[in-house]
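> build me a model:
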Amino acid sequence: MPKSKGFTALYPNISRFVDENGWIEIGQHEMVSAFVRAYDWGGTVYEGEDSYPTLEDALEDLDAGIQAYMEENGVWED
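You can find the predicted model right below:
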């Protein structure tokens, strides 16, 4: 059986964000409709859709959303 890729290989931007910048939340919340969310000490970095077909889809969207935000705001320059 092939070895599965680790979380960091699949979602490098989520991994980097959590290591360097902030935290994420996954799941339903009574105050926020987005299923996936990313925050830093300045506030909301990314809020995804209300629902996704799969958890993998949600994590892919979160990974892309974090990357876009960090690049647009000059946090990740490399």
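
> any idea which element E71 lies in?
Using DSSP states H and E, the element containing E71 is helix 55-72.

> averaged pLDDT, that helix. What do you get?
Summarised as a single mean, pLDDT over helix 55-72 is 95.

> what does that helix contact?
Counting contacts by C-beta atoms under 8 Å, 6 or more residues apart in numbering, the residues outside helix 55-72 that touch it are 10-14, 17, 21, 24, 26, 35-36, 38, 45-46, 48-49, 52, 75-76. For glycine as for every other residue, the C-beta is placed from the backbone atoms N, C-alpha and C.

> list the ones among those that fall in strands.
Using DSSP state E, the members of the contacts of helix 55-72 that fall within strands are I24, I26, V36, A38, V45, Y46.

> show the contacting residues for the nearest residue in space to the first one that is not next to it in sequence.
In space, and not counting its chain neighbours, I24 is closest to A38: 5.0 Å by C-beta to C-beta, 6 or more residues apart in numbering. A38 makes contact with 14, 17, 22-25, 44-47, 62, 65-66, 69 under the criterion C-beta under 8 Å, 6+ apart.

> quick one, which of these are buried?
Neighbour counting with 16 or more other C-beta atoms under 10 Å marks I14, F17, G22, I24, V45, Y46, E47, L62, G65, I66, Y69 as buried within the contacts of A38.

> I figured E49 hits F35, correct?
Yes - using C-beta atoms under 8 Å, E49 is in contact with F35, at 6.4 Å.

> higher neighbour count, the two?
Legend: neighbour count by other C-beta atoms under 10 Å for E49 and F35, higher for F35 (21 against 12).

> between the contacts of A38, which is closest to K5?
Proximity of the contacts of A38 to K5 (C-beta to C-beta) peaks at I14, which lies at 13.5 Å.

> quick one, what contacts that closest one?
By C-beta under 8 Å, 6+ apart, the contact set of I14 is F7, I24, A38, L59, L62, D63, I66.

> distance of it from E25?
As judged by C-beta to C-beta, to the nearest Å, I14 and E25 stand 12 Å apart.

> again with E60
Taking C-beta to C-beta, one finds E60 at 16 Å from E25.

> go on, Y39?
Applying C-beta to C-beta, the value for Y39 to E25 is 7 Å.
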